[in-house]
Structures are given as structure tokens and as C-alpha cells.
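1. task: produce atomic coordinates for the following.
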Amino acid sequence: MAKPKDTTIRTFQYKLKANKSFVTACEKTLDAARFVYNCALQQRIDLYKYAGKSISKFEQSRQLTEARNELPEVADCLRSIQTDVLDRLDITFQAFFQRGAGFPRFKGRDRYHTFSQQIEKQRVCPLKGDKLTVPGVGSCRVRLSRPIEGTVKQLRITRRASGWYALLVCEMPKPLPLPKTGLSVGIDVGIKEFATLSTGEQIANPRTLQQHAENLAKLQRRMAKKRKGSQRRAKAKQKVALAYEKVGNTRKDFHHKLSTRLVNEFDTITVEDLQITNMVRNHKLSKAILDVGWNSFFTMARCKAASADKVFEKVSPAYTSQDCSKCGHRQKMPLQVRVFDCGNCDHKQDRDLNAAINISNRGERPRINKARGDARACLRSGNRFRLTARNENQDDSSQRSVSPDAKIAIDISSISGILRTMQPNM
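-> Numbers count the residues shown, from 1 in each chain. Model (predicted):
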């Protein structure tokens, strides 16, 4: 979402006091949006299977317009919601090709919980007081936990275990920067301690999942004893989902409070550029690493620092635990050794504190970050060039090797045909 330099994007979340008719309308809209998502995905798969080609979201949007004229049941859903569905699918494919995310999956009823639509300038704000009006769906009351600010650009309705929520994406002026403190900090994150600051402070790991493990196990055992498809199993499943949502909310609350405190106290925050995806391949530590939520914490701290005109940067994690923070001597440090005892200058210090100081020192040398940023930019541009060249070669080869039967399959593979084919099965 493009925005001017003097504005920022904020999302305001409100819980809905949903009535029965509004919930029914939302469920119907979710099913219609999920149906279009699955059909558009099926079209992309078929087109690549028969011709080795892809289709853009703009072409799918054009075909969707034709399908809305031919199929009344497709036209029942608001067009802006269906357009957002195609945008979501296109973003998923971009993530798959550019950064190796999983291939897009077909969505079942339990895997599609959000629909959204853009709010144009000529339309009024959907929230007036505590009444929310969702175009094409209906209206209901909300729990107005905070006043809305700025101009609403997008409206999202999402279903969670604890109820229905509205997320209003707003464009608003940038807030005033926080006063400078002149302090910087390096943060070494871990599992035993959530974070060790270069100032010497250690922040305990809340171990959110471990605290709720006993209750989760009890609820999951109860659900496992219920017959599949029964109402009792559905109720037990709802209780499990609520318990997991509470775990996520507790973890998110801890991250928000800590990141806000760090941004208020320090002008520069330096952390390690961890490859968490590779770290969770260690099956002995994967559960603990995912529970601590480093990536979520880094994202919050980066966004809050940018909003407060503070600096948040990542540095290479190589040898931060093996280098002496006093003289720079490097020595091996097995994980079980928790005290750094330098063999060169006899400097003794806690292992995590020594690493945090090294991280802070690396952050004070901006030339390292600039060089790494330039290298990444060159790598990204080179990958993009190779990907473009490969796609062009694939297009040329596919044009030469398309059989008559494949051409016929491509011709009938419009989104209207896919909608008609998949409709009885959805």
C-alpha cells in the first residue's frame, strides 16, 4: 500500500458484538471468497500444467468480471472482496517464487478466516461511533477500545476462536519522534534467558507455551475422546483453539511491552540477524525457539523504532559468542560453557553478556551494515535477472512445444469454466 513520506500506516483492531444475522452473512461471504480463491488457484495450476505458463492477477480479474456476468451465484459476493482474494493469491505465489515459501494450498473451511476490501476515498468511514458498517455484508456494534485515527484504507473482518474482529487499516500522519536519550544497546536473545542486554540486564524467558502445556494437554485429550463429526467434538475443539489463542496473546503482550520499553530507553537497538528457519531444524530446540518468538519481537521493535525516529539494525551473528569483548581474542565456546574466560587477557564475563557487548560494538560500525546491504542488493538484482531470463526461456520453449490438445485445454481454462467445474465440490 503506497503512502506519502509524511504519513504512516496503522491498524486498529476491534472486537465485534456480532449478532446472529451478521455472523451468517460473514460466514456466507467467507465461503464465497474461499470459493474464488480455490478456483483461481486451480486455474493457475491447470494453465502451468498444460502450457508451462502463468497468468497474472489482472487477467484473472478480467475473467472474473466475465464470470460475474455469467454466474449469478458468483455475483452475490461484493466485487471488491473478490479482488482482494486475487491479490492475496498473487502475493502467495510471489512469496513462493521469491523467498521459497510453501506452494499455495487449497483452502478448506477451517483454513480461511479473513476477508477484506479496499475503502476508496469517495466512500465514508465504515465506523461511526461504535457502529461498523461492512459493505455488502451488514452492520453491527463494536467494542470501541480506542478511538480511530486517520483515513481508513482497508477493512478486514476475521474470525477467531474468541469471536469476530474488525481490523481497520488507516493512513495517518507520522507521530512526533521520541526525545533522544543518547544511549545504545546490543541484545543477545536466547532460550534460557529471553534477552541479555549489553547494559548487563537479563530479561527472563516467560516460556509461555510451557506454562499452558498442562492445560493444553488436558483439553486435547478430551477432544481426542470425542467422536469425529459430533457436536461435542466441535465444542472441545473450540476450547483447544481458545487455549492456543490465549498462549499467542500472552506472548504478543510480552513482546509489545518489552519492545516499547527498549524503544523509549535507547536510540539505537542492535540485534543479531538470525536465520530462524535454519535454527528450528534442530528438533531438540525447535519447540523452545518457536515458543520464544524472536522474529515477532524483532518485527515489533523495528516498526516501533522507525515510528519513533530511532535506529534498529541487525548485524552478523558470526563469532559474537567466541570473540572477547575486551581484546577481540577468538576462542571456541561450547554451548555448555556459560562463562567466557579469555585466554589472552584473562577477561571473565557471562557468555551472553559478552555476546551482547559484541553485538552492540558491531552496530556502532555502520560501514559493515552498509557493505552487507550493498551485497544483498546486488544479490537480489542478480537473482531477479536470472529469474527473468529463465522465465523468458521457458516461455519461448513452451510456445514451441504446446500441443493442440493443450491449446484446447488452455482455451477452456477460463475462470468461468473453473467456477462451473468446482462449484459442486466446494
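
2. got the contact list for the residue sitting nearest the centre point of the chain?
-> By C-alpha atoms, centre = their mean, the chain has its centre lying nearest to Ser296, at 9.0 Å. Contacts of Ser296 were listed using C-beta atoms under 8 Å, 6 or more residues apart in numbering, and they are Arg251, Lys252, His255. For every residue, glycine as well, the C-beta is placed using N, CA and C.

3. so it belongs to a helix, correct?
-> Yes: counting by DSSP: H, G, I helix; E, B strand; the rest coil, Ser296 falls inside a helix.

4. by neighbours, which of the contacts of Ser296 wins?
-> Top of the contacts of Ser296 by neighbour number is His255, holding 21 neighbours under the definition other C-beta atoms under 10 Å.

5. who touches it in this structure?
-> Applying C-beta under 8 Å, 6+ apart to His255 gives the contacts Gly293, Ser296, Phe297, Met300.

6. pLDDT on the strand or helix carrying Arg251, on average?
-> Using DSSP states H and E, Arg251 sits in helix 231-265. Helix 231-265 comes out with an average pLDDT of 96.

7. please name the nearest non-neighbouring residue to Phe254.
-> Leaving aside its sequence neighbours, Phe254 sits nearest to Pro206 (C-beta to C-beta, 6 or more residues apart in numbering; 5.3 Å).

8. I'd guessed that neighbour sits against Thr250; true?
-> Yes: shown here, Pro206 and Thr250 form a contact pair, counting by C-beta atoms under 8 Å, at 7.5 Å.

9. who has more neighbours out of those two?
-> When Pro206 and Thr250 are compared for neighbours, Pro206 comes out ahead with 18 against 15, by other C-beta under 10 Å.

10. now do the SS call for the more buried one.
-> Per three-state DSSP, Pro206 ends up coil.

11. what are the pairing partners of the strand or helix carrying Ile187, and which direction each?
-> Using DSSP H and E, Ile187 sits within strand 184-189. Strand pairing for strand 184-189, using DSSP bridges, gives strand 193-197 (antiparallel), strand 268-272 (parallel).

12. give me the angle between that strand and helix 231-265.
-> Per axes from the mean of the first three to the mean of the last three C-alpha atoms, to 10 degrees, the angle that strand 184-189 makes with helix 231-265 is 150 degrees.

13. off-centre distance for strand 184-189?
-> In terms of C-alpha atoms, centre = their mean, to the nearest Å, the centre of strand 184-189 is set 24 Å apart from its chain centre.

14. can you give me how far the helix holding Arg251 is from the chain middle?
-> 15 Å.

15. likewise for stretch 287-295?
-> 15 Å.
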